[in-house]
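Student: Quick check, what structure comes out for this input:
(one chain, ligands or ions: 3)
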Amino acid sequence: MQLLKTVAEARAWRSTRSRVALVPTMGNLHAGHLALVSAARGQADDVIVSIFVNPLQFGPNEDLANYPRTFEADIAALEHAGVTAVFAPGVDEMYSAGGRSATTVHVAGITEMLCGASRPGHFDGVATVVAKLFNMLTPDIALFGEKDYQQLAVIRQMAEDLALPVEVAGVPTVREDDGLAYSSRNGYLTPDERRRAVALSAAIDDVTTRLAAGQRDYRALEARGWAQLTDAGFDPDYFDIRDARLAPPTEQTPVFRVLAAGRLGRTRLIDNKGVAAPR
Ligand SMILES: Nc1ncnc2c1ncn2[C@@H]1O[C@H](COP(=O)(O)OP(=O)(O)OP(=O)(O)O)[C@@H](O)[C@H]1O
Ligand SMILES: CC(C)(CO)[C@@H](O)C(=O)[O-]
Ligand code: BAL
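Tutor: Numbering: from 1, shown residues only. Ligands and ions are numbered 1, 2, ... in the order given. Reported below is the predicted structural model:
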(Lines give C-alpha, C1' and ligand atoms only; values in the text may rest on other atoms or scores of the structure.)
(Ligands and ions follow the chains in the order given, each with its own letter.)
Protein backbone atom coordinates (compact mmCIF):
# COMPACT_ATOMS: atom_id res chain seq x y z
CA MET A 1 0.00 0.00 0.00
CA GLN A 2 1.39 3.39 -0.99
CA LEU A 3 1.02 6.49 1.18
CA LEU A 4 0.65 9.60 -0.99
CA LYS A 5 0.94 13.00 0.65
CA THR A 6 1.10 15.40 -2.28
CA VAL A 7 -1.04 15.99 -5.35
CA ALA A 8 2.03 15.37 -7.53
CA GLU A 9 2.59 11.95 -5.90
CA ALA A 10 -1.11 11.10 -6.27
CA ARG A 11 -1.14 12.07 -9.95
CA ALA A 12 2.02 10.05 -10.62
CA TRP A 13 0.44 7.02 -8.90
CA ARG A 14 -2.81 7.48 -10.85
CA SER A 15 -0.99 7.62 -14.17
CA THR A 16 0.27 4.04 -13.65
CA ARG A 17 -3.20 2.58 -12.88
CA SER A 18 -6.17 1.68 -15.03
CA ARG A 19 -9.59 1.44 -13.32
CA VAL A 20 -9.53 3.19 -9.95
CA ALA A 21 -12.15 3.41 -7.17
CA LEU A 22 -11.99 6.26 -4.66
CA VAL A 23 -13.33 6.15 -1.10
CA PRO A 24 -13.18 9.66 0.41
CA THR A 25 -13.04 9.78 4.24
CA MET A 26 -12.11 12.01 7.12
CA GLY A 27 -10.30 9.11 8.86
CA ASN A 28 -11.04 7.52 12.26
CA LEU A 29 -12.09 4.48 10.31
CA HIS A 30 -14.80 2.07 11.44
CA ALA A 31 -16.88 -0.77 9.97
CA GLY A 32 -18.87 1.69 7.81
CA HIS A 33 -15.74 2.89 6.04
CA LEU A 34 -14.51 -0.68 5.63
CA ALA A 35 -17.80 -1.61 3.93
CA LEU A 36 -17.11 1.17 1.40
CA VAL A 37 -13.63 -0.24 0.83
CA SER A 38 -15.01 -3.74 0.39
CA ALA A 39 -17.61 -2.51 -2.14
CA ALA A 40 -14.87 -0.52 -3.91
CA ARG A 41 -12.70 -3.63 -4.25
CA GLY A 42 -15.52 -5.27 -6.16
CA GLN A 43 -15.64 -2.33 -8.57
CA ALA A 44 -12.02 -1.64 -9.56
CA ASP A 45 -8.51 -3.06 -9.74
CA ASP A 46 -7.15 -0.33 -7.50
CA VAL A 47 -8.79 1.28 -4.48
CA ILE A 48 -7.52 4.60 -3.16
CA VAL A 49 -8.82 5.93 0.17
CA SER A 50 -8.42 9.62 0.97
CA ILE A 51 -8.05 10.74 4.57
CA PHE A 52 -8.56 14.48 4.97
CA VAL A 53 -10.36 16.36 7.74
CA ASN A 54 -11.71 19.14 5.57
CA PRO A 55 -11.81 22.51 7.39
CA LEU A 56 -14.09 23.98 4.72
CA GLN A 57 -17.07 21.82 5.75
CA PHE A 58 -16.96 22.68 9.47
CA GLY A 59 -18.84 25.68 10.87
CA PRO A 60 -17.11 28.08 13.31
CA ASN A 61 -18.72 26.40 16.35
CA GLU A 62 -18.27 22.82 15.18
CA ASP A 63 -15.79 20.10 16.11
CA LEU A 64 -12.93 20.62 13.62
CA ALA A 65 -10.30 20.90 16.38
CA ASN A 66 -11.60 17.88 18.31
CA TYR A 67 -12.44 15.66 15.32
CA PRO A 68 -10.84 12.25 16.08
CA ARG A 69 -7.57 11.75 14.22
CA THR A 70 -6.27 8.16 14.38
CA PHE A 71 -3.92 8.07 11.42
CA GLU A 72 -1.68 5.13 12.40
CA ALA A 73 -4.64 2.85 13.20
CA ASP A 74 -6.38 3.94 9.97
CA ILE A 75 -3.33 3.07 7.87
CA ALA A 76 -3.09 -0.38 9.50
CA ALA A 77 -6.81 -1.05 8.89
CA LEU A 78 -6.57 -0.01 5.24
CA GLU A 79 -3.47 -2.12 4.64
CA HIS A 80 -5.33 -5.08 6.12
CA ALA A 81 -8.40 -4.31 3.95
CA GLY A 82 -6.38 -4.59 0.73
CA VAL A 83 -6.35 -0.93 -0.28
CA THR A 84 -3.71 -0.02 -2.90
CA ALA A 85 -3.07 3.59 -1.91
CA VAL A 86 -3.95 6.20 0.70
CA PHE A 87 -4.05 9.88 -0.18
CA ALA A 88 -3.53 11.95 2.97
CA PRO A 89 -2.68 15.53 2.05
CA GLY A 90 -2.08 18.25 4.64
CA VAL A 91 -4.36 21.28 4.70
CA ASP A 92 -1.75 23.40 2.89
CA GLU A 93 -1.47 20.80 0.13
CA MET A 94 -5.26 20.68 -0.38
CA TYR A 95 -5.80 24.44 -0.03
CA SER A 96 -3.00 26.86 -0.81
CA ALA A 97 -4.54 29.77 1.11
CA GLY A 98 -4.33 28.50 4.70
CA GLY A 99 -7.35 26.22 4.61
CA ARG A 100 -9.55 28.51 2.51
CA SER A 101 -10.58 28.45 -1.14
CA ALA A 102 -11.58 31.47 -3.25
CA THR A 103 -13.50 29.11 -5.51
CA THR A 104 -16.22 26.91 -4.03
CA VAL A 105 -18.86 24.58 -5.44
CA HIS A 106 -22.46 25.33 -4.45
CA VAL A 107 -25.17 22.83 -5.35
CA ALA A 108 -28.35 24.92 -5.10
CA GLY A 109 -31.64 23.70 -3.63
CA ILE A 110 -30.77 20.34 -2.16
CA THR A 111 -28.12 21.85 0.14
CA GLU A 112 -30.49 24.31 1.80
CA MET A 113 -32.73 21.77 3.58
CA LEU A 114 -32.22 19.11 6.28
CA CYS A 115 -28.54 19.14 7.40
CA GLY A 116 -27.87 22.15 5.17
CA ALA A 117 -30.35 24.21 7.22
CA SER A 118 -28.59 23.35 10.50
CA ARG A 119 -25.06 23.54 9.07
CA PRO A 120 -24.96 26.54 6.69
CA GLY A 121 -22.12 26.25 4.16
CA HIS A 122 -21.39 22.63 5.16
CA PHE A 123 -22.30 21.13 1.79
CA ASP A 124 -20.37 23.82 -0.12
CA GLY A 125 -17.31 22.62 1.79
CA VAL A 126 -18.12 18.98 1.02
CA ALA A 127 -18.82 19.61 -2.69
CA THR A 128 -15.66 21.70 -3.05
CA VAL A 129 -13.33 19.14 -1.50
CA VAL A 130 -14.95 16.21 -3.32
CA ALA A 131 -14.66 18.07 -6.65
CA LYS A 132 -10.98 18.66 -5.86
CA LEU A 133 -10.43 15.00 -4.96
CA PHE A 134 -12.09 14.00 -8.25
CA ASN A 135 -9.78 16.35 -10.17
CA MET A 136 -6.67 15.25 -8.30
CA LEU A 137 -7.29 11.50 -8.49
CA THR A 138 -9.58 11.13 -11.57
CA PRO A 139 -11.29 7.99 -10.20
CA ASP A 140 -13.58 5.95 -12.43
CA ILE A 141 -15.94 5.39 -9.52
CA ALA A 142 -16.29 7.02 -6.09
CA LEU A 143 -18.21 5.42 -3.22
CA PHE A 144 -20.12 7.19 -0.45
CA GLY A 145 -22.18 5.90 2.46
CA GLU A 146 -25.96 6.17 2.60
CA LYS A 147 -25.53 7.13 6.25
CA ASP A 148 -24.85 10.62 4.86
CA TYR A 149 -27.75 10.34 2.41
CA GLN A 150 -28.04 14.05 1.67
CA GLN A 151 -24.28 14.26 1.07
CA LEU A 152 -24.58 11.41 -1.45
CA ALA A 153 -27.44 13.24 -3.19
CA VAL A 154 -25.43 16.49 -3.31
CA ILE A 155 -22.41 14.75 -4.84
CA ARG A 156 -24.55 12.93 -7.40
CA GLN A 157 -26.14 16.25 -8.40
CA MET A 158 -22.75 17.98 -8.63
CA ALA A 159 -21.31 15.18 -10.79
CA GLU A 160 -24.34 15.30 -13.09
CA ASP A 161 -24.50 19.11 -13.37
CA LEU A 162 -20.76 19.52 -14.00
CA ALA A 163 -20.51 16.41 -16.24
CA LEU A 164 -17.75 15.04 -14.03
CA PRO A 165 -16.45 11.80 -15.59
CA VAL A 166 -16.94 9.68 -12.49
CA GLU A 167 -19.61 7.21 -11.38
CA VAL A 168 -20.98 8.08 -7.93
CA ALA A 169 -22.09 4.99 -6.00
CA GLY A 170 -23.91 4.66 -2.67
CA VAL A 171 -23.27 1.93 -0.08
CA PRO A 172 -25.88 0.87 2.54
CA THR A 173 -25.42 2.01 6.15
CA VAL A 174 -23.54 -0.32 8.47
CA ARG A 175 -24.97 -0.47 12.00
CA GLU A 176 -23.96 -1.63 15.44
CA ASP A 177 -25.91 -4.54 16.99
CA ASP A 178 -28.55 -2.25 18.53
CA GLY A 179 -29.13 -0.39 15.25
CA LEU A 180 -27.01 2.73 15.81
CA ALA A 181 -25.23 3.66 12.56
CA TYR A 182 -21.44 3.57 12.85
CA SER A 183 -20.11 7.11 12.91
CA SER A 184 -16.85 8.65 14.02
CA ARG A 185 -18.85 11.01 16.21
CA ASN A 186 -20.29 8.09 18.23
CA GLY A 187 -16.97 8.21 20.05
CA TYR A 188 -18.02 11.51 21.68
CA LEU A 189 -20.99 9.86 23.44
CA THR A 190 -20.88 9.16 27.18
CA PRO A 191 -21.97 5.61 28.17
CA ASP A 192 -25.41 6.96 29.12
CA GLU A 193 -25.75 8.87 25.82
CA ARG A 194 -24.59 5.81 23.91
CA ARG A 195 -27.46 3.81 25.45
CA ARG A 196 -29.97 6.52 24.54
CA ALA A 197 -28.56 7.00 21.01
CA VAL A 198 -30.41 3.89 19.86
CA ALA A 199 -33.58 6.03 19.85
CA LEU A 200 -32.46 7.63 16.59
CA SER A 201 -32.58 4.47 14.47
CA ALA A 202 -35.50 3.13 16.53
CA ALA A 203 -37.65 6.22 15.83
CA ILE A 204 -36.83 6.00 12.11
CA ASP A 205 -37.68 2.27 12.15
CA ASP A 206 -41.00 3.00 13.86
CA VAL A 207 -41.96 5.52 11.15
CA THR A 208 -40.76 3.37 8.24
CA THR A 209 -42.81 0.46 9.61
CA ARG A 210 -45.91 2.68 9.66
CA LEU A 211 -45.25 3.94 6.12
CA ALA A 212 -44.84 0.35 4.94
CA ALA A 213 -48.20 -0.45 6.55
CA GLY A 214 -49.84 2.30 4.48
CA GLN A 215 -50.03 5.21 6.96
CA ARG A 216 -49.87 8.49 5.03
CA ASP A 217 -50.29 11.29 7.57
CA TYR A 218 -46.72 12.49 7.08
CA ARG A 219 -46.93 15.42 9.51
CA ALA A 220 -48.25 13.18 12.31
CA LEU A 221 -45.59 10.56 11.62
CA GLU A 222 -42.84 13.19 11.68
CA ALA A 223 -44.19 14.55 14.97
CA ARG A 224 -44.22 11.03 16.37
CA GLY A 225 -40.57 10.48 15.40
CA TRP A 226 -39.59 13.89 16.78
CA ALA A 227 -41.27 13.08 20.13
CA GLN A 228 -39.40 9.77 20.37
CA LEU A 229 -36.14 11.66 19.93
CA THR A 230 -36.94 14.28 22.58
CA ASP A 231 -38.14 11.54 24.99
CA ALA A 232 -34.68 9.96 24.68
CA GLY A 233 -32.96 13.28 25.42
CA PHE A 234 -32.19 14.39 21.86
CA ASP A 235 -32.49 18.01 20.76
CA PRO A 236 -33.70 17.26 17.20
CA ASP A 237 -32.74 19.33 14.14
CA TYR A 238 -35.26 17.59 11.90
CA PHE A 239 -37.33 14.44 11.49
CA ASP A 240 -38.55 14.39 7.89
CA ILE A 241 -40.24 12.05 5.43
CA ARG A 242 -39.08 12.64 1.85
CA ASP A 243 -38.90 10.78 -1.42
CA ALA A 244 -35.68 9.15 -2.65
CA ARG A 245 -34.52 12.47 -4.19
CA LEU A 246 -35.33 14.34 -0.97
CA ALA A 247 -38.42 16.09 -2.39
CA PRO A 248 -41.63 16.07 -0.29
CA PRO A 249 -43.52 12.80 -0.79
CA THR A 250 -46.65 12.59 -2.94
CA GLU A 251 -49.40 10.00 -3.46
CA GLN A 252 -47.21 8.43 -6.19
CA THR A 253 -43.96 8.24 -4.22
CA PRO A 254 -42.65 4.66 -4.72
CA VAL A 255 -39.91 4.79 -2.07
CA PHE A 256 -39.83 7.00 1.00
CA ARG A 257 -36.69 8.18 2.77
CA VAL A 258 -37.04 8.97 6.47
CA LEU A 259 -34.24 11.21 7.73
CA ALA A 260 -33.45 12.58 11.17
CA ALA A 261 -30.71 14.52 12.94
CA GLY A 262 -30.29 15.79 16.45
CA ARG A 263 -27.94 16.54 19.27
CA LEU A 264 -27.42 14.23 22.21
CA GLY A 265 -25.38 16.31 24.65
CA ARG A 266 -22.58 17.79 22.56
CA THR A 267 -22.80 15.15 19.82
CA ARG A 268 -24.75 15.68 16.61
CA LEU A 269 -25.95 12.38 15.10
CA ILE A 270 -27.74 11.73 11.80
CA ASP A 271 -29.46 8.70 10.33
CA ASN A 272 -31.95 7.71 7.62
CA LYS A 273 -33.67 4.70 6.08
CA GLY A 274 -35.55 3.98 2.88
CA VAL A 275 -38.86 2.13 2.69
CA ALA A 276 -41.01 1.12 -0.28
CA ALA A 277 -44.62 2.28 -0.34
CA PRO A 278 -47.01 -0.70 -0.30
CA ARG A 279 -48.53 -1.38 -3.74
N1 LIG B 1 -22.19 3.57 9.21
C2 LIG B 1 -21.80 3.82 7.95
N3 LIG B 1 -22.18 2.99 6.96
C4 LIG B 1 -21.81 3.22 5.68
N5 LIG B 1 -21.05 4.28 5.31
C6 LIG B 1 -20.64 5.12 6.26
C7 LIG B 1 -21.00 4.96 7.62
N8 LIG B 1 -20.45 5.96 8.34
C9 LIG B 1 -19.79 6.73 7.46
N10 LIG B 1 -19.90 6.25 6.21
C11 LIG B 1 -19.38 6.84 4.98
O12 LIG B 1 -17.97 6.92 5.05
C13 LIG B 1 -17.55 8.04 4.27
C14 LIG B 1 -16.63 8.87 5.11
O15 LIG B 1 -17.37 9.39 6.20
P16 LIG B 1 -16.71 10.09 7.46
O17 LIG B 1 -15.23 9.90 7.40
O18 LIG B 1 -17.26 11.43 7.64
O19 LIG B 1 -17.23 9.14 8.61
P20 LIG B 1 -18.39 9.34 9.61
O21 LIG B 1 -18.33 8.22 10.55
O22 LIG B 1 -19.62 9.61 8.80
O23 LIG B 1 -17.97 10.61 10.39
P24 LIG B 1 -18.90 11.66 11.06
O25 LIG B 1 -19.13 11.16 12.44
O26 LIG B 1 -18.01 12.83 10.94
O27 LIG B 1 -20.14 11.84 10.26
C28 LIG B 1 -18.80 8.79 3.86
O29 LIG B 1 -19.13 8.43 2.53
C30 LIG B 1 -19.83 8.27 4.83
O31 LIG B 1 -21.16 8.33 4.34
C1 LIG C 1 -17.04 13.10 1.70
C2 LIG C 1 -16.10 13.67 2.76
C3 LIG C 1 -14.86 12.80 2.87
C4 LIG C 1 -15.66 15.06 2.26
O5 LIG C 1 -14.81 15.66 3.18
C6 LIG C 1 -16.80 13.81 4.12
O7 LIG C 1 -17.86 14.70 4.07
C8 LIG C 1 -17.18 12.51 4.71
O9 LIG C 1 -16.28 11.89 5.28
O10 LIG C 1 -18.35 12.09 4.60
N1 BAL D 1 -19.79 12.44 7.50
C2 BAL D 1 -20.10 13.75 7.00
C3 BAL D 1 -19.03 14.74 7.28
C4 BAL D 1 -19.37 15.74 8.31
O5 BAL D 1 -20.29 15.57 9.11
O6 BAL D 1 -18.69 16.77 8.35
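
Student: going forward, measure contacts and count neighbours with C-alpha atoms only.
Tutor: Will do.

Student: Might you report the residue contacts of the residue of the chain found nearest ligand 2?
Tutor: Per C-alpha to the nearest ligand atom, Thr25 is where the chain lies closest to ligand 2, at 3.8 Å. The neighbourhood of Thr25, defined by C-alpha atoms under 8 Å, 6 or more residues apart in numbering, consists of His33, Val49, Ser50, Ile51, Phe52, Val53.

Student: Give me the subset of those lying in helices.
Tutor: Among the contacts of Thr25, the residues falling in helices (DSSP state H) are His33.

Student: Specify which member of the contacts of Thr25 is nearest to ligand 1.
Tutor: His33 (4.7 Å).

Student: show me the residues around the closest one that make contact.
Tutor: By C-alpha under 8 Å, 6+ apart, the neighbours of His33 are Thr25, Gly145.

Student: any idea which helix or strand comes after the helix or strand of the chain with the lowest mean pLDDT?
Tutor: When the helices and strands of the chain are scored by mean pLDDT, DSSP states H and E, helix 91-94 comes last with a mean of 96. Next in sequence after helix 91-94, counting helices and strands by DSSP states H and E, comes helix 115-118.

Student: Which other helices and strands does that following helix contact?
Tutor: Judged by 3 or more C-alpha pairs under 8 Å, 6 or more residues apart in numbering; DSSP states H and E, helix 115-118 is in contact with no other helix or strand.

Student: wait, does the following helix or strand past that helix make contact with ligand 2?
Tutor: Where DSSP H and E defines the elements, the next helix or strand beyond helix 115-118 is helix 122-137. Yes: Helix 122-137 reaches ligand 2 (C-alpha under 6 Å from any ligand atom) through Val126, Val130.

Student: Over helix 122-137, what's the mean pLDDT, rounded is fine.
Tutor: For helix 122-137, mean pLDDT rounds to 98.

Student: What of stretch 185-205?
Tutor: If you average the pLDDT values across stretch 185-205, you get 98.

Student: buried sites along that stretch?
Tutor: The neighbour-count check on stretch 185-205 (16 or more other C-alpha atoms under 10 Å) flags 186, 188-189, 193, 196-205 as buried.

Student: Next, format those as TSV and append secondary structure and distance to Leu221.
Tutor: Formatted as TSV, the buried residues of stretch 185-205 follow (DSSP: H, G, I helix; E, B strand; the rest coil; distance: C-alpha to C-alpha, whole Å):
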residue	secondary structure	distance to Leu221
Asn186	helix	26
Tyr188	helix	29
Leu189	coil	27
Glu193	helix	24
Arg196	helix	21
Ala197	coil	20
Val198	helix	19
Ala199	helix	15
Leu200	helix	14
Ser201	helix	15
Ala202	helix	13
Ala203	helix	10
Ile204	helix	10
Asp205	helix	11
